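J.: Here's a sequence, model it:
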Amino acid sequence: MATVKALKRPGGEFGASGRVPLAADADAVLALVADVESQPEWNRGVKAARVEEALGCNESTVAQTLEWRFLALRGAMHLRLRQSVDAAARCITTRLLRGTMMRSFGSKVVVESCGPGSCQLSMELYMHPSIAVPPGVRPFVGQQVRRQLHSVLTDLKAHVDARAGASGGGSSSDGGGASGSDGGGSATPSPCPSRSPSPPASSRASSVL
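T.: Coordinates of the predicted model:
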């Protein structure tokens, strides 16, 4: 089960942090999340995603179209992001280069191995709308950010569980994992020891997602 809480950020940014245990090898999950163009296959909030330019072996510029909802309103956000992948640390950071509706936007993902076929993914998400948010509305915006992060983590877990089921519940190199969470008597992966993800450095304003 995914857990999410509010994350205090400087400069009036809205933030959230969360974690979810996954029945898959840590390196496979890292590869899945880092695969920009496959994100619409598992993340309902991402309507389109593509790599615009590779900047080296571990950095690229990414174009994303995200769906947003707030109260009775909804629309599309078009963002250009810089994504960095640190395979050794199993860490992915993104930061906004430019985009509609946002002054800042980004995320940090850390995948921690809990043993063969089991891992825990932690994610931080933050954003700062380009328009002023009245004090009375800020709690609703913060709640929406937490809801958005919970949706990302829930979608990811469902996708990983489905791949595990399709592979027969055995451990596989493509992220199928050692056990699913829902069917056939398979066990839900045990969470790793509780550890808060380290916040991204403010100088690197670190999405997927």
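
J.: can you map out the helices along the chain?
T.: Under the criterion DSSP state H, helices of the chain are mapped to 26-34, 39-42, 138-166.

J.: and for the lowest-mean-pLDDT helix or strand in the chain, what are the contacting residues?
T.: Every helix and strand of the chain was ranked by mean pLDDT, DSSP states H and E. The lowest is strand 59-70, at a mean of 86. Outside of strand 59-70, the residues within contact range by Cβ atoms under 8 Å, 6 or more residues apart in numbering are 36, 39, 44-55, 74-85, 94, 97, 101, 140-141, 144, 207. Where C-beta positions appear, they are placed from N, C-alpha and C, glycine not excepted.

J.: I'd like the helices of the chain as TSV, with mean neighbour count and distance to Ser130 appended.
T.: Output for the helices of the chain, formatted as TSV (neighbours: other Cβ atoms under 10 Å; distance: least, Cβ to Cβ, whole Å):
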stretch	mean neighbour count	distance to Ser130
helix 26-34	21	27
helix 39-42	18	23
helix 138-166	18	13
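
J.: what about Ala54, neighbour count?
T.: When neighbours are counted by other Cβ atoms under 10 Å, Ala54 registers 10.

J.: For it, give me its contacts.
T.: Ala54 touches Ser60, counting by Cβ under 8 Å, 6+ apart.

J.: Distance-wise, check it relative to Glu112.
T.: According to Cβ to Cβ, to the nearest Å, Ala54 stands 27 Å off from Glu112.

J.: all strands of this structure, in order?
T.: Remark: strands assigned in the chain by DSSP state E are 3-8, 14-22, 46-54, 59-70, 73-86, 91-99, 102-115, 118-129.

J.: Lovely, talk soon.
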